[in-house]
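Student: Return atomic coordinates for the entry below.
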Amino acid sequence: MASDQQYVSTRGGGAPLSFSETLIEGLARDGGLAVPATMPHVERETIERWRALTYPQLATEVISLFAGDIPREDLARMTDAAYAPFPAEVVPLRPVGDGLTLVGLSEGPTLAFKDMAMQFLGQVIEYALERSGSVLNVLGATSGDTGSAAEHALRGKDRIAVFMLSPRGRMSAFQRAQMFSLDDANVHNITIDGVFDDCQNLVKRLAGDVEFKRAHNLGAVNSINLARITAQVVYYFWAWLRATDAGGPTEVSFTVPSGNFGNILSGFYAKRMGLPIRRLVLATNENNVLDEFFRTGVYRPRTAAQTLATSSPSMDISKASNLERFIFELVDREPDRVNRAWRELDAQGFFDFTAEQPRFAEEFGLVSGTSTHDDRIETIRSVHAATGEIIDPHTADGVKVAREHVEPGVPMLVLETAKPQKFAETIREALGIELEYAPELRAMLDAPQHVTDMPDDADALRAYIAAAALRGATVGHSPVGADRHES
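Tutor: Below is the predicted model of the structure:
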């Protein structure tokens, strides 16, 4: 079921690109995000035929609808390789009471849902670079889990170097160790004096510098990269199939803890493709800009100073990059209206879609809610008391909000975000227990850490990348004089 799918920018600039070209491009050259020129549609009969497939086989079917320029046999080989590090079931479903079921997305090598897409991305980027004979210098920003998933998927690859920005002191100790303990020559960890949004802004500034981007083969693997969105679509189909294996209701709802809007956007795409989804419930933490938008229609990102450090740090985001892809659909795919909204955002600090707000739930099935630290602690306790299951704080945000949106006769699936071991301090506060770590995880936590500290300065970042970027198939060394240290 291959396709000749092409990709266009949300802001209307440039010629359409193929999947592989979009994969390498990252942020579109006009500053927009790549979206399918036409959304693939899957008939219900086709979805039913997929019921007997393994997860890698299902991934091949779904991703082939987007990656029409990749031969089917090559795509199947890459999905097999991507999900080989996972348990046989890849994505288990587990009931946690109150009519909720967890979708287990954290069985991969870094214990977070980001592995689901990033392991495939590592395969397909390497494949595209080998076909073109080129190299890629990946520039990304992380609030916690994207960075480690990307680095573990791309470490040691000859044609790829990774420059990963993270906000200094804003991640858990486990998240830092997963990234900073890597000593592969092609991995460069950089902490920025600021919050995640500052890191993300630096990525966008350099990605928007067309001359620098071309000179240094700059690309992206965070959720602005459409290949990650398409790979995440797969587990919505998988979860729906498993939730309906025994018959009963055909419509299900999903609750998704969300910061950058990428994970729930994949569910939105799945629904647009024909998957019978009733509600997509967006769960935020105290940095609830997205909840405010879906409740009011007004999108008003906060400043770095207003972005709170919370106990679900991967969601400490106030500017959701992927929201632009939803706005593109909201305005009936008219780039001029997208451009107008972002000009208003730049000029006045917000844009207003109050008139369209009723469509969020009625047409798109999108609703939202907020969870606080006290909510997380209480939810972790209640789930553990009822089931013995220990959930991480981001998943707890999802469970708390999901409970507010359960409807009779409609299964509610909550997307798991990470394993609780990544957030031991919050689990200790909630349950008074010390989590056990496998020997290899304990060794990682105790290993020396390699990281470069940098101010929030685009010129300093440019200089670092210029000195360390790949220019051939051999990874360059860290730039002389950089403030790289071990701890």
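Student: which sections of the stretch 351-487 of the chain are below the confidence cut-off?
Tutor: Confidence mapping of the stretch 351-487 of the chain against pLDDT under 70 gives the ranges 472-487.
Student: which residue ranges form the strands in it?
Tutor: 351-352, 366-370, 412-415, 450-454, 484-486 (DSSP state E, counting those that start in this stretch).
Student: what's the most buried one of these?
Tutor: Compared across the strands of the stretch 351-487 of the chain, strand 412-415 shows the largest average neighbour count, a mean of 26 (mean count of other C-beta atoms under 10 Å). Backbone N, C-alpha and C define where each C-beta goes, glycine included.
Student: Can you redo the strands of the stretch 351-487 of the chain as CSV, where the extra columns are distance to Ile70?
Tutor: Converted to CSV, those look like this (distance: least, C-beta to C-beta, whole Å):
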stretch, distance to Ile70
strand 351-352, 37
strand 366-370, 31
strand 412-415, 27
strand 450-454, 34
strand 484-486, 37
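Student: For Val298, which of the ones you listed is the nearest?
Tutor: strand 351-352 (5.2 Å; C-beta to C-beta).
Student: who touches that closest one?
Tutor: 297-299, 341-342, 344-345 (C-beta atoms under 8 Å, 6 or more residues apart in numbering).
Student: Which of the strands of the stretch 351-487 of the chain sits closest to Phe326?
Tutor: strand 366-370 (8.0 Å).
Student: Show me what the closest one pairs with in its sheet, parallel or antiparallel.
Tutor: strand 277-284 (parallel) (DSSP bridges).
Student: got the contact list for the partner strand?
Tutor: The contact list for strand 277-284 (C-beta under 8 Å, 6+ apart) reads 236, 240, 251-259, 261, 264, 267-268, 270-271, 290-291, 294, 315, 361, 364-371, 397-398, 400-402, 405, 407, 410, 412.
Student: What's the first helix or strand after it?
Tutor: Remark: after strand 277-284, the chain's next helix or strand is helix 289-296, criterion DSSP states H and E.
Student: Which one of the contacts of strand 351-352 is nearest to Leu17?
Tutor: Trp342 (20.8 Å).
Student: can you tell me which residues contact that closest one?
Tutor: Contacts of Trp342 by C-beta under 8 Å, 6+ apart are 11, 324, 351.
Student: Can you report how many residues lie near the second one?
Tutor: The burial count assigned to Glu324 is 22, neighbours taken as other C-beta atoms under 10 Å.
Student: Helices of the stretch 151-300 of the chain, residue ranges please.
Tutor: If you assign secondary structure with DSSP state H, counting those that start in this stretch, the helices in the stretch 151-300 of the chain sit at 173-180, 196-207, 210-215, 226-243, 262-273, 289-296.
Student: right, and the ones you listed - which one's nearest Ser20?
Tutor: Of all the helices of the stretch 151-300 of the chain, helix 226-243 sits nearest to Ser20, with 9.2 Å by C-beta to C-beta.
Student: For the closest one, list the C-alpha coordinates in CSV.
Tutor: Extracted C-alpha coordinates of helix 226-243, given in CSV (Å, rounded to 0.1, in the frame of the first residue of the first chain):
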residue,chain,number,x,y,z
LEU,A,226,7.5,14.7,10.6
ALA,A,227,9.0,11.2,10.5
ARG,A,228,8.6,11.1,14.3
ILE,A,229,4.9,12.1,14.1
THR,A,230,4.2,9.4,11.5
ALA,A,231,6.0,6.7,13.5
GLN,A,232,3.9,7.7,16.6
VAL,A,233,0.7,7.3,14.5
VAL,A,234,1.4,3.5,14.5
TYR,A,235,0.7,3.0,18.2
TYR,A,236,-2.7,4.7,18.1
PHE,A,237,-3.7,2.1,15.5
TRP,A,238,-2.1,-0.7,17.6
ALA,A,239,-3.8,0.4,20.8
TRP,A,240,-7.2,0.7,19.1
LEU,A,241,-6.8,-2.8,17.7
ARG,A,242,-5.8,-4.3,21.1
ALA,A,243,-8.6,-2.5,22.9
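Student: how distant is it from the center of its chain?
Tutor: Computed by C-alpha atoms, centre = their mean, to the nearest Å, the chain-centroid distance of helix 226-243 equals 12 Å.
Student: now the angle between helix 262-273 and it, please.
Tutor: When axes from the mean of the first three to the mean of the last three C-alpha atoms, to 10 degrees is applied, the directions of helix 226-243 and helix 262-273 differ by 70 degrees.
Student: what mean pLDDT does helix 226-243 have?
Tutor: For helix 226-243, mean pLDDT is 96.
Student: can you redo the contacts of strand 351-352 as JSON lines with distance to Ala438 and pLDDT?
Tutor: What follows is the contacts of strand 351-352, written out as JSON lines (distance: C-beta to C-beta, whole Å; pLDDT from 0 to 100):
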{"residue": "Gly297", "distance to Ala438": "47", "pLDDT": "98"}
{"residue": "Val298", "distance to Ala438": "46", "pLDDT": "98"}
{"residue": "Tyr299", "distance to Ala438": "42", "pLDDT": "98"}
{"residue": "Ala341", "distance to Ala438": "47", "pLDDT": "98"}
{"residue": "Trp342", "distance to Ala438": "45", "pLDDT": "96"}
{"residue": "Glu344", "distance to Ala438": "50", "pLDDT": "97"}
{"residue": "Leu345", "distance to Ala438": "45", "pLDDT": "97"}
